[in-house]
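Q: Could you work out the structure for the sequence below:
(chains A and B)
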Protein chains: 2
Amino acid sequence: MGARALVLFAHGARSASWAAPFERLRDMVAARSPGVDVSLAFLELMSPRLPEQVAALAAQGVDDVTVVPVFLGQGGHVLRDLPLILDELRLAHPGLAIRAVGAVGEDPAVLRAMTDYCLSALPSALA
Amino acid sequence: MGARALVLFAHGARSASWAAPFERLRDMVAARSPGVDVSLAFLELMSPRLPEQVAALAAQGVDDVTVVPVFLGQGGHVLRDLPLILDELRLAHPGLAIRAVGAVGEDPAVLRAMTDYCLSALPSALA
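A: This is a model prediction of the structure:
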């Protein structure tokens, strides 16, 4: 069995500071998955884009890629753009197994943690 | 002391399905904060926009508003657009106390839950 990779797929933004929490997430995931190549890739505005990153992984001998959309909502980027990109990647890299899971924002535990954070934001008289 | 409100501030998108996880988040927060008016407001593409929602709350007698940016990263929308909107809202509603906290994606517990989700996405041989 060849090497496996986890790609955290995010939107991208003009402001470089925008990527910081995604880089932290990547580092936290990598620390807990030794032996798995964990990287970030973007839809637009930032590098590397997803096709570029997957090509680089394939060139390194990775043959199994899991894509996690680091999006809060399952909008057009996750529901429409991502499947098209994956179809193109499957054509471009026929030896590569590539799959995507649902957006992180749809995960019940993530939603619970966000709920806790929202409640903690209330002035203390209400907490 | 008057009524208080929590506004979950999200980006907005063209696809109506995009709002679903934010609506779930709003409902989960509201269920755990009786007596607080919990609502969603958007930067663009969806209604209500933040100024519109805050004006509606002020008209209802709310005098204390906490804004939680439901964004993964602290990009230009959170660091630049939101403070400008808040300044305008303070001028428009001088009797209203209005504050914002950091983006949900910056919260350590949210980051931990996202990390768990990313790891759970790996094929089971690696989990």
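
Q: Low-confidence bits of chain A, can you list those?
A: A:1, A:125-127 (pLDDT under 70).

Q: and if we set it to 90?
A: A:1-2, A:11-21, A:71-80, A:105-106, A:123-127 (pLDDT under 90).

Q: For it, which segments count as strands?
A: For chain A, strands defined by DSSP state E occupy the ranges A:3-10, A:37-42, A:62-69, A:97-100.

Q: ok, residues contacting the second one?
A: Applying Cβ atoms under 8 Å, 6 or more residues apart in numbering or on different chains, the external contacts of strand A:37-42 come out as A:3-12, A:19, A:22-23, A:26, A:29-30, A:48-50, A:52-54, A:57, A:60, A:62. Yep, even glycine has a C-beta here, placed from its N, CA and C like the rest.

Q: just checking: which of the residues you listed also lie near chain B?
A: Checking the contacts of strand A:37-42 against chain B by Cβ under 8 Å from any Cβ of the partner chain, the ones in range are A:4, A:6, A:8, A:10, A:19, A:22, A:29.

Q: okay, the residues you listed in TSV with neighbour count next?
A: Putting these into TSV (neighbours: other Cβ atoms under 10 Å in any protein chain shown) gives the following:
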residue	neighbour count
A:Arg4	20
A:Leu6	23
A:Leu8	24
A:Ala10	27
A:Ala19	19
A:Phe22	23
A:Val29	23
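
Q: all helices in chain A, in order from the N-terminus.
A: Ranges of helices in chain A, per DSSP state H, are A:20-31, A:50-59, A:76, A:82-92, A:108-120.

Q: out of the ones you listed, nearest to B:Ser124?
A: helix A:20-31 (16.5 Å; Cβ to Cβ).

Q: Who are the packing partners of that closest one?
A: Applying 3 or more Cβ pairs under 8 Å, 6 or more residues apart in numbering or on different chains; DSSP states H and E, we find helix A:20-31 packed against strand A:3-10, strand A:37-42, helix B:108-120.
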